[in-house]
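A.B. asks: Got a predicted structure here, sequence first:
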Amino acid sequence: MSAIDEVYVNSNYPSVTAEQVNQYFFDSNKPDFNFKTTFYCCENCSAEISCANYTVDFSNQYNRLNKISPYFADRLKMKHDPSCTRWKKLSKKRDGRHDQTKYYIQNGNDFVIDFIPNVGLIPLTNVPQTTTSARPTGGTNTAKTSSSSSLNKQANKHHYSSLEKSLNSLKNIYQEIHILLFMIAQVTQ
């Protein structure tokens, strides 16, 4: 549920999960966990992280069924320290190559979308090639995408005819509903 799995509390508890925090809160042998406990992103970061529902007693049947299990959330949106290891890991993941999945082709003002009923959008077989430049200091990634049409004209004809059939059936349903509403209005008068 949460992108944050573990947090830092103090040197005695350098890495705890939300479930552990909940258990420690109700354990009288763990005085470090109370209503005023502060959770930090990691040992070398001062950004505070919130732990939701860690004070809820899940041994109670009602709470177990009606409450969400404890989880960490960055509700305060505090700035992370430059030495924050979690922030460095996220930054490394964002650098480099970014793969894209393309679900449509644009021909002028027309968009061609591959869609199969009961399946959904179908990615193109020829995914656009993406090149990413290294991130300049203080800047953002710049990407250039080039793609070619993966649908030939015959596939486009099939696509258009199935799309046309779907639109016609929607039109017929709309007309039937309109007629029914008109008949109901006549009967109620």
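C.D. replies: Received it, and whenever you're ready, just let me know what you need. Numbering: from 1, shown residues only.
A.B. asks: Which helix or strand contains residue 112?
C.D. replies: strand 110-113 (DSSP states H and E).
A.B. asks: and that strand, what other elements does it pack with?
C.D. replies: Using 3 or more CB pairs under 8 Å, 6 or more residues apart in numbering; DSSP states H and E, the elements in contact with strand 110-113 are strand 104-107. C-beta: built from backbone N, CA, C; applies to glycine.
A.B. asks: Let's see the strand it packs on as CSV, backbone CA atoms only.
C.D. replies: Only the C-alpha atoms of strand 104-107 are listed here, as CSV (Å, rounded to 0.1, in the frame of the first residue of the first chain):
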residue,chain,number,x,y,z
TYR,A,104,-2.0,4.8,-30.4
ILE,A,105,-0.8,6.2,-33.7
GLN,A,106,-1.4,9.8,-34.7
ASN,A,107,-1.9,10.6,-38.4
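A.B. asks: Tell me if residue 176 really is in a helix.
C.D. replies: Yes - with DSSP: H, G, I helix; E, B strand; the rest coil as the criterion, residue 176 is part of a helix.
A.B. asks: residue boundaries of the helices in this structure?
C.D. replies: Assigned by DSSP state H, the chain shows helices spanning 18-25, 61-66, 85-94, 153-188.
A.B. asks: With respect to residue 3, which of those lies nearest?
C.D. replies: Minimum separation from residue 3 across these (CB to CB) falls at helix 85-94, 9.1 Å.
A.B. asks: in the closest one, what's buried?
C.D. replies: 86-87 (16 or more other CB atoms under 10 Å).
A.B. asks: Name the residues that touch that helix?
C.D. replies: 4, 41-45, 80-81, 141 (CB atoms under 8 Å, 6 or more residues apart in numbering).
A.B. asks: mind running it again at 6 Å?
C.D. replies: 41-42, 80 (CB atoms under 6 Å, 6 or more residues apart in numbering).
A.B. asks: quick one on the thing from earlier: and the strand holding residue 112, average pLDDT?
C.D. replies: In this model, strand 110-113 has a mean pLDDT of 72.
A.B. asks: same thing with stretch 46-62?
C.D. replies: On average, stretch 46-62 scores 87.
A.B. asks: again with stretch 161-177
C.D. replies: Stretch 161-177 shows a mean pLDDT of 81.
A.B. asks: And for stretch 83-95?
C.D. replies: pLDDT averaged over stretch 83-95 gives 78.
A.B. asks: picking that back up, nearest to residue 105 among the helices of the chain would be which one?
C.D. replies: Between these, helix 153-188 lies closest to residue 105; by CB to CB that is 8.9 Å.
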